[in-house]
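[1] Please work out how this folds:
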Amino acid sequence: MRVNEEKELAFLFSYVQGEGDITPLKGGTSNRIYATSKHIIRYKTPYRVDALDNPEKERRAIAKGSNCPLLPKVTYFSEEGHKVERRLMGAVKEKFSSVDIQSVAESIRRLHKCPLIGIEFDLAKRISFYHAQAGDIPEIEGEMSRLYQIKAIKEIESYPRVYSHNDLWAGNILFDDGKAYFLDLEFAADAPDILDYLSFVEENDIDLRFDFGPANKEKTLALSYCLDILWAYWAKARYLQGCEAGKGIMESKVTRFAKGKEAIERYLRR
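    Here you go, the predicted model:
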């Protein structure tokens, strides 16, 4: 650990003095996370590929979501993006029941009522930005993929803009007393209201059995593969920039995209 890191962590830990043990937590792909009985501490690790999601954008997302009971209260946020926040009660789940999925849908609807952040989550721009840093991934390239991206992005962008989380993988969702709570606003921005529903389905590889969000289940699944492309490039770029976890994430996105090729072909024929 570098001297500066030691000093920064010591400063962050000073916010939770008297709360007992400070325990390292697993989860995420790069940031170092610690917990006490009352707080979560994040030491942010920057990567070039994350330039679109700088700490100032997250600060604005935190401010706009400050009155939302589904989000943790932040007590300290540095210029570098290091953070101390109140710990929410609840449990992370690896598998989701139909009741869990409905709880997530209700929480997404409530989150979308927060004031707009004022910064766009531009899907086409992000894919291009991540691709430029990652280079090609043959499994998600080709004419079908190109045509699919054009059609899917156009359709996703047709939905109205709302305050959006944009990173609803299982580790960012806590369940408590039948409600779903959301953690980590690093990727939060104003986005089409369908995007959080697509994010939840794509990030957790959910095989929908019922309509979920503003589109029917068939369309939601078909559009969700666009996020596999997005995050495959992002994950490969992170891996190339020193994040070991990026390789496994990229491989999981490539696998899911391949699994969805029949659904993608049906979508292109419509």
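[2] hey, let's count contacts and neighbours off CA atoms from now on
    Noted.
[3] List the beta-bridge partners for Phe175.
    Beta-bridge partners of Phe175, counted by DSSP bridges, are Ala91, Ala180.
[4] Wait, it touches Val92, no?
    Yes. Using Cα atoms under 8 Å, Phe175 is in contact with Val92, at 6.5 Å.
[5] in stretch 34-44, what counts as buried?
    The neighbour-count check on stretch 34-44 (16 or more other Cα atoms under 10 Å) flags Tyr34, Ala35, Thr36, His39, Ile40, Ile41, Arg42, Tyr43, Lys44 as buried.
[6] How about stretch 72-91?
    So, applying 16+ other Cα under 10 Å, buried residues of stretch 72-91: Pro72, Lys73, Val74, Phe77, Gly81, His82, Lys83, Val84, Glu85, Arg86, Arg87, Leu88.
[7] again with stretch 255-270
    Applying 16+ other Cα under 10 Å to stretch 255-270 flags Arg256, Phe257, Gly260, Ala263, Ile264, Tyr267 as buried.
[8] Name the residues that touch the helix or strand bottoming out on mean pLDDT in the chain?
    Counting by mean pLDDT, DSSP states H and E, the weakest-scoring helix or strand in the chain turns out to be helix 3-14, with a mean of 87. Residues outside helix 3-14 that contact it (Cα atoms under 8 Å, 6 or more residues apart in numbering) are Ile22, Ile41, Tyr43, His82, Lys83, Val84.
[9] In strands, which of these appear?
    Secondary structure from DSSP state E places Ile41, Tyr43, Lys83, Val84 of these in strands.
[10] could the residues you listed be laid out in a markdown table, adding pLDDT?
    Listed next are the ones in strands among the contacts of helix 3-14 as a markdown table, based on pLDDT from 0 to 100:
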| residue | pLDDT |
| --- | --- |
| Ile41 | 96 |
| Tyr43 | 94 |
| Lys83 | 97 |
| Val84 | 97 |
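[11] right, and out of these, which lies closest to Glu251?
    Nearest to Glu251, judged by Cα to Cα, of the ones in strands among the contacts of helix 3-14 is Tyr43 at 26.3 Å.
[12] so which two of the contacts of helix 3-14 are the farthest from each other?
    Greatest spatial distance in these: Ile22 and His82, 15.9 Å, computed using Cα to Cα.
[13] ok so, going back, most widely separated two among the buried residues of stretch 72-91?
    Largest separation among the buried residues of stretch 72-91 by Cα to Cα: Gly81 and Leu88, giving 19.6 Å.
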